[in-house]
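1. Here is a sequence together with a model predicted from it:
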Amino acid sequence: MSPAQQIPVAQPYVPQQQIPVAQPYVPPQQYVQPQYVQPQYVQPQYVQPQVAQPYVAPVAARPAARPPSRGAADKAAQEAQKQAREEQTARVLWEIQGIFGGTRPWVWLLATIAFLDGAGIVGLVGYLLFATRGRLMGPAVVTHLGSMFTAFILMISSMFLVAYARKMGEFVRDPTRYWLERSLAAQRSVWRFMALLTLFSILLVITLVVALTAGTVLLMQKP
């Protein structure tokens, strides 16, 4: 065998390079900024140590309280009624204080008018007596006497009204039962005087009517 016809020697197998396959496009991920979370502070709780309590012996159960006696219940009811009466009295006194406070100026005004009227009548009659030198006769004398009597009544009425107004003023300043009784007593005096004056006026009018009627009849019977 010639050298040219030598048997080929087996070559080692070399694998072929693989062709890279195209991968799908993946977009890059967006950058997310991390958020800062503030740590929460937890305040430690103080736990008070337990102290051993001293031993307390059990107490025997007390007997049930007795219901209040009838006398105590009646006393409590009386105290409650007394307190209610006092509150009602205070409320009534407060209301009367407001009423007297509004009435007092009118009483003062009426007393002033009555006094001025009486003083004016007295002054007028005195002037007439001085001007005529006391030479008034007949009906003029009766008229002047009636005027003086009217002035006297008016001035007395003003005195009662002044006393009533003063008592009301004391009650307005100090709203107590004492001054209320004083004010009502002064008011009673005013109404009593007015009632007596009215009765006297009625009797006087009746007397004058009877006298005038009798005089007229006597004059008619004369020939």
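-> Thanks, I have the structure now.

2. Residue 152: neighbour count?
-> Close neighbours of residue 152, defined as other CB atoms under 10 Å, add up to 13. From N, CA and C alone the C-beta is placed, and that goes for glycine too.

3. If you drop the residues flanking it in sequence, what lies closest to it?
-> Nearest residue to residue 152, sequence neighbours excluded (CB to CB, 6 or more residues apart in numbering): residue 118, at 7.1 Å.

4. pretty sure that neighbour is touching residue 161, no?
-> No - with contacts counted by CB atoms under 8 Å, residue 118 stays clear of residue 161, the gap being 12.0 Å.

5. and residue 204, what pLDDT?
-> Residue 204 is assigned 83 on the pLDDT scale.

6. Which strands and helices lie in contact with whatever helix or strand residue 129 lives in?
-> Per DSSP states H and E, residue 129 falls inside helix 70-132. Helix 70-132 sits against helix 139-173, helix 177-221, with contacts defined as 3 or more CB pairs under 8 Å, 6 or more residues apart in numbering; DSSP states H and E.

7. now for the last one, which elements pack on it?
-> This points to helix 177-221. Using 3+ CB pairs under 8 Å, 6+ apart: helix 177-221 touches helix 70-132, helix 139-173.

8. what's the most buried one of those?
-> helix 139-173 (a mean of 17; mean count of other CB atoms under 10 Å).

9. Quick one: list the elements packing against it.
-> Looks like helix 139-173 contacts helix 70-132, helix 177-221 (3+ CB pairs under 8 Å, 6+ apart).

10. and the angle for the last one with helix 139-173?
-> In this structure, helix 177-221 runs at an angle of 160 degrees to helix 139-173, with axes from the mean of the first three to the mean of the last three CA atoms, to 10 degrees as the basis.

11. likewise the longest one?
-> When the same axes, to 10 degrees is applied, the directions of helix 70-132 and helix 139-173 differ by 150 degrees.

12. what comes up buried for stretch 173-187?
-> For stretch 173-187, the buried set under the neighbour-count rule, 16 or more other CB atoms under 10 Å, comprises 175, 179, 180, 182, 183, 186, 187.

13. which residues sit in contact with the second one?
-> By CB atoms under 8 Å, 6 or more residues apart in numbering, residue 179 lies in contact with 167, 170, 171.
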